[in-house]
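Enquirer: fold the stuff below for me.
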Amino acid sequence: AIRVTSGETFNIMTVVRNISESIVPVDSALTDEAGRFELKRTPPGSYDVRLAADGFAARMERDLMVTPEIQERPVTFTMLKGFDITGRVVRKDAGPTGDIQVVAFSGKESPSELMRPLKVFTRTIEDGSFRIKGLPPGRFLVGASAPSLPIRINDDAEVPSRANIEIIIQGDASLSGVVTGPDGKPIEAAEVMVMCQKGGMTASTVRTDNEGRFRMGGLSAGSIEMMAVKAAGFAPYPSMEGGMGMKPKSAISALKVGDNEVSIQLEKGGVIKGRAIDKNGGKPIAGVKVQAFSTDAFFSGARSAVTGDDGSYEISAMGKGPGQISAQKDGWFLPGSHSDPMMAMMMMSGMRGKEAGESPGRFEIKESGGVVEMIVEMSKAALVQGRVIDSNEKPVSGAQVSIAAAAELDAMAQMFGAGAATSDARLTDREGRFELNAPADKDTIRISARASGFTRTLSDPLAVKLGETISDVVVRMRSGALVEGKVTDDAGA
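Expert: Residues are numbered from 1 along each chain as shown. Alright, predicted model coming up:
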């Protein structure tokens, strides 16, 4: 089964809310006997593609760029053997253990995985036991979600493994409260998130009613690991104005056994507005996705808008403090900025003083409800065409290919899994061919290629210029080493 979904920018509230939810696909299809498929309702854009089949590991191909030309260059996906994990859900209350949803999701090994995790679902049988099928090797988080209760998460599951996982659903505390605006009026439909760590992670999200009130049950008494609130038109809570290295202060830091109460007041959100224009000539550019990413976005998500016919955009509900914008449209790029706003913020956090202030796309909202106007000057991207082949000169189909700026392949980028990618990934066709748009404000770029059975490969540096086409680029991939062995327990079994 092939499912295509739109990617969402990383934020903790979305991760918690979506852990137990299946994403509704933009399009889906089943393969025929020859493994062929056709998606007919997918408009051009960047997508995550999920693949699942009995006996094989579920796979997520992220940031696949779909263009009209993709019909002439069919993509190829390779699926590998899948593994199962088993376990049991135990409840400390009198509730049933059967028919409880259980989900395994990636993200244990890399923050970039947690942004858009691979998720595989199942449900418990009457005695609480479960089996999750079709997982790739690695470390996973496994959560159980009983009706009207927070999700309970076991934060370390090895795949493959013969060990059973036990998830204990218990809760001895509740939290109620009211969310208001700066004028003291209640805010309806505000989203409230709480995470507790005692005895395993418990996470819950709810929305306020028409009186601004909310209630969460099934929480664990003890310290609150994290609390966040967001609502349309208001700045996120708590404020991360101090920067990514500062732990935000919350109105409540711990829960006692039984009922707990809290009142939260949100500040008026700031606004970023302006136009996207062609840097060479000043003509407006329609259809540009402009994202504003501040330190608050780690909790509540990046804000975004798409430019209209006159190139205008407006982004609201921003918190106080510094931030970074990115602008994306196929065939265009924002000179000097990173295509991933999260990566741009990480890079900016390492700058100081004047260097940080002059970083392209940087902004700062200095007061509640402040308005910042920004002109987004974009340039035409260069076009890079080529092939990916193996050491025997045979084409490598289904390789994930992206542009990486040669100067940005640093330790931070590798640690966060971003690989300093500066373009959306595309897959090679049956002949190993690819076509990429490349930013032309770097001295040199490299082509990054990844494929099952091969080591990650970087091409030789390429010099690019605005609007030019670079043809006949060849990326030669090396086969990865095969390591065989046997893992045993203390008894040698």
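
Enquirer: measure how buried Arg36 is and give me the count.
Expert: 9 (other C-beta atoms under 10 Å). For the C-beta atoms, the positions are set from N, CA and C on the backbone; glycine is no exception.

Enquirer: swap in Gly453?
Expert: Counted with other C-beta under 10 Å, the burial measure for Gly453 works out to 12 neighbours.

Enquirer: Thr122 now?
Expert: Residues contacting Thr122 under the criterion other C-beta under 10 Å number 19.

Enquirer: show me what it is bridged to.
Expert: Per DSSP bridges, residues listed as beta-bridge partners of Thr122: Val102.

Enquirer: so it makes contact with Ser129?
Expert: No: contact between Thr122 and Ser129 fails when scored by C-beta atoms under 8 Å: they sit 10.4 Å apart.

Enquirer: mind listing the helices for the protein?
Expert: Ranges of helices in the chain, per DSSP state H, are 12-18, 111-115, 297-300, 341-349, 353-357, 411-415.

Enquirer: shaky segments in the stretch 151-300 of the chain?
Expert: Low-confidence segments of the stretch 151-300 of the chain, defined by pLDDT under 70: 240-249, 296-300.

Enquirer: give me the neighbour count for the nearest residue to Gly480 once chain neighbours are set aside.
Expert: Nearest-residue entry for Gly480: Thr455, 5.0 Å, with adjacent residues in sequence omitted and distances by C-beta to C-beta, 6 or more residues apart in numbering. Other residues within reach of Thr455 by the criterion other C-beta under 10 Å amount to 12.

Enquirer: hang on, Thr455 packs against Arg476?
Expert: No: counting by C-beta under 8 Å, no contact exists between Thr455 and Arg476, whose distance comes to 11.2 Å.

Enquirer: confidence score at the nearest residue to Leu80 once chain neighbours are set aside?
Expert: Among residues not flanking Leu80 along the chain, Ala57 sits closest, at 5.2 Å (C-beta to C-beta, 6+ apart). pLDDT, Ala57: 93.

Enquirer: how far away is Ala57 from Phe37?
Expert: Distance from Ala57 to Phe37, counting by C-beta to C-beta, to the nearest Å: 18 Å.

Enquirer: who's more crowded, these two?
Expert: Each of Ala57 and Phe37 had its neighbours counted (other C-beta under 10 Å), and the higher figure belongs to Ala57 (21 against 16).

Enquirer: tally of neighbours for Ile151?
Expert: Counted by other C-beta under 10 Å, the residues lying close to Ile151 total 23.

Enquirer: just list whatever residues bridge to it.
Expert: According to DSSP bridges, the partner residues bridging Ile151 are Ser145, Ala203.

Enquirer: distance of Met195 relative to Ser223?
Expert: Between Met195 and Ser223 the computed distance is 10 Å (C-beta to C-beta).

Enquirer: and for Gln170?
Expert: Taking C-beta to C-beta as the measure, Gln170 and Ser223 are separated by 17 Å.

Enquirer: ditto for Arg123
Expert: Here the criterion is C-beta to C-beta. By it, Arg123 lies 32 Å from Ser223.

Enquirer: next: Ser402.
Expert: Taking C-beta to C-beta as the criterion, Ser402 is separated from Ser223 by 41 Å.

Enquirer: between those two, which is the more surrounded one?
Expert: A count of neighbours by other C-beta under 10 Å puts Ser402 above the other of Ser402 and Ser223, at 23 against 11.

Enquirer: please tell me how far that one sits from Asp390.
Expert: Distance of Ser402 to Asp390, computed by C-beta to C-beta: 19 Å.

Enquirer: likewise for Gly432?
Expert: With C-beta to C-beta as the criterion, Gly432 and Asp390 are 9 Å apart.

Enquirer: which residues touch Ala317?
Expert: For Ala317, the residues meeting the contact criterion (C-beta atoms under 8 Å, 6 or more residues apart in numbering) are Lys230, Ala231, Ala232, Gly233, Phe234, Ala235, Pro236, Gly269, Gly270, Arg303.

Enquirer: just those residues now: which is nearest Arg362?
Expert: Arg362 has its nearest neighbour among these in Gly270, at 14.6 Å by C-beta to C-beta.

Enquirer: the closest one: neighbour count?
Expert: Residues near Gly270, counting by other C-beta under 10 Å, number 27.

Enquirer: so it touches Phe363, yeah?
Expert: No: assessed by C-beta under 8 Å, Gly270 is found out of contact with Phe363, at 9.3 Å.
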